[in-house]
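[1] curious how this folds, go ahead:
(one chain, ligands or ions: 1)
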Amino acid sequence: MPFTSSIIPSLSQHEPAWWFMFRENELLVHLTDEHAHIPKISQPEELSLHVLRTQYLGQLDGIACFSAELDAAENFVPADMAFRALRPLYNVLPEEFFWLAGRAFQVMNWDRNSQYCGRCGRQTVLLDGQRAKICTHCQLTTYPRISPAIIVAVIKDQQILLANAPRFPHGLYSVIAGFVEPGETFEDCVHREVQEEVGIEVRDIRYFGSQPWPFPDSLMVGFTAQYAGGEIRVDQEEILEAGWFRADKLPDIPGKVSIARRLIDWFVENYS
Ligand SMILES: [Zn+2]
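    Okay, the predicted model is just below:
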């Protein structure tokens, strides 16, 4: 991977760098026809932008990468540029920049949300050389929040379990997913989520792969599993409908950006 994460800039601040600048939750991009690009500049001031905070991310092929939080009270937009929500940029940003933008968003957002101690309310400061902050009063240390969630493709007789949730676009079906609770292993979480959401038992849980999901701070950990027992029942709240689908009769499924789609593609390749 050509990107190297780092906390302290080793290059001159005056060399042009990739700047991932956010106003609220939207990223500033150059727009040309169908494509978006990250601005490569020496300083945000070059674009007459007012920056509240900046964070160094590391280097991409020897070029420094920064994230920055722009003043949300301003509405100035540089020429040929626009602020865009991150997720729809998947199809228009080069892929490595899309994932770097996700990393930038998480670091920027963490910096924004951790200015004060969560325990005593006093100001925090950066901990030397670490992606961490410490409270100046009670010494509580905080790290960027990363919320692990499992996502699992359950297989039964050449069919995959897919479900439609109210939070999905109309008619879209995907694999089961849910956040890990304190004290759980990933495997515990797979058993619990599948049981809670569709009422079935699984066995033979195997690691598939993982994916950061910066909307806002998830880490999706993918698994495959085999059906072990039970009948599908849904609660009509978290899940509206669920069923077993053959590879040649899939409903609408998520787009290429997600690990959900990679799991479904894996099923199609192996169970057609
Ligand atoms: Zn404190």
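
[2] which non-adjacent residue is nearest A72?
    Excluding the flanking residues, the one nearest A72 by Cβ to Cβ, 6 or more residues apart in numbering is E24, at 5.2 Å. (Each C-beta comes from the backbone N, C-alpha and C, glycine too.)

[3] same thing with F76?
    Leaving aside its sequence neighbours, F76 sits nearest to S48 (Cβ to Cβ, 6+ apart; 6.6 Å).

[4] alongside the ion, which residues does the stretch 1-150 of the chain contribute?
    Residues of the stretch 1-150 of the chain that fall close to the ion, judged by Cβ under 5 Å from the ion: C117, R119, C120, R122, C135, H137, C138, L140.

[5] show me where the stretch 151-272 of the chain has its strands.
    Here the stretch 151-272 of the chain has its strands, by DSSP state E, counting those that start in this stretch, at 159-164, 176-179, 201-213, 218-229, 241-246.

[6] could you list the low-pLDDT ranges of the stretch 151-272 of the chain?
    Applying pLDDT under 70 to the stretch 151-272 of the chain flags no residue at all.

[7] for the ion, what are the nearby residues on it?
    Close to the ion, as judged by Cβ under 5 Å from the ion, the stretch 151-272 of the chain has no residues.

[8] tell me how many other residues surround D217.
    Neighbours of D217 under the rule other Cβ atoms under 10 Å: 17.

[9] I155 now?
    The number of residues packed near I155 is 19, by other Cβ under 10 Å.

[10] okay, and the beta partners of it?
    Counting by DSSP bridges, I155 is bridged to I160, Q226.

[11] ok so, going back, can you list the strands of the stretch 151-272 of the chain in CSV and add mean neighbour count?
    Below are the strands of the stretch 151-272 of the chain laid out as CSV (neighbours: other Cβ atoms under 10 Å):
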stretch, mean neighbour count
strand 159-164, 22
strand 176-179, 20
strand 201-213, 16
strand 218-229, 18
strand 241-246, 16
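
[12] who does the helix or strand Y56 falls within pair up with?
    In this assignment (DSSP states H and E), Y56 forms part of strand 51-60. When pairs are called by DSSP bridges, strand 51-60 turns out to pair with strand 3-5 (antiparallel), strand 63-70 (antiparallel).

[13] per-residue pLDDT of the residue nearest to P2 when sequence neighbours are not counted, please?
    Spatial nearest neighbour of P2, chain neighbours left out: D61 (4.7 Å); criterion: Cβ to Cβ, 6+ apart. At D61, the model reports a pLDDT of 94.

[14] wait, D61 touches A17, no?
    No: in this structure D61 lies outside contact range of A17 using Cβ atoms under 8 Å: 11.9 Å.

[15] so for the two, which sits in the more crowded spot?
    When D61 and A17 are compared for neighbours, A17 comes out ahead with 24 against 9, by other Cβ under 10 Å.

[16] who touches the more buried one in this structure?
    By Cβ atoms under 8 Å, 6 or more residues apart in numbering, the contact set of A17 is L11, K40, I41, S42, I63, A64, C65, F66.

[17] any idea what it is bridged to?
    Beta-bridge partners of A17, as defined by DSSP bridges: I41.

[18] over to the one 5 residues further on?
    Here F22 sits in beta bridges with L27, E69, as judged by DSSP bridges.

[19] for V107, see how far away it is.
    According to Cβ to Cβ, to the nearest Å, F22 and V107 sit 10 Å apart.

[20] what's the overlap in contacts for these two?
    Common neighbours of F22 and V107 (criterion: Cβ under 8 Å, 6+ apart): S67.

[21] which residues in the chain form helices?
    Secondary structure of the chain, counting by DSSP state H: helices at 95-113, 186-198, 259-271.

[22] could the strands paired with strand 51-60 be laid out in a markdown table, adding mean neighbour count?
    Shown next, in a markdown table, are the strands paired with strand 51-60 (neighbours: other Cβ under 10 Å):
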| stretch | mean neighbour count |
| --- | --- |
| strand 3-5 | 14 |
| strand 63-70 | 21 |
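
[23] tabulate those (CSV), appending distance to N91.
    Output for those, formatted as CSV (distance: least, Cβ to Cβ, whole Å):
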stretch, distance to N91
strand 3-5, 21
strand 63-70, 22
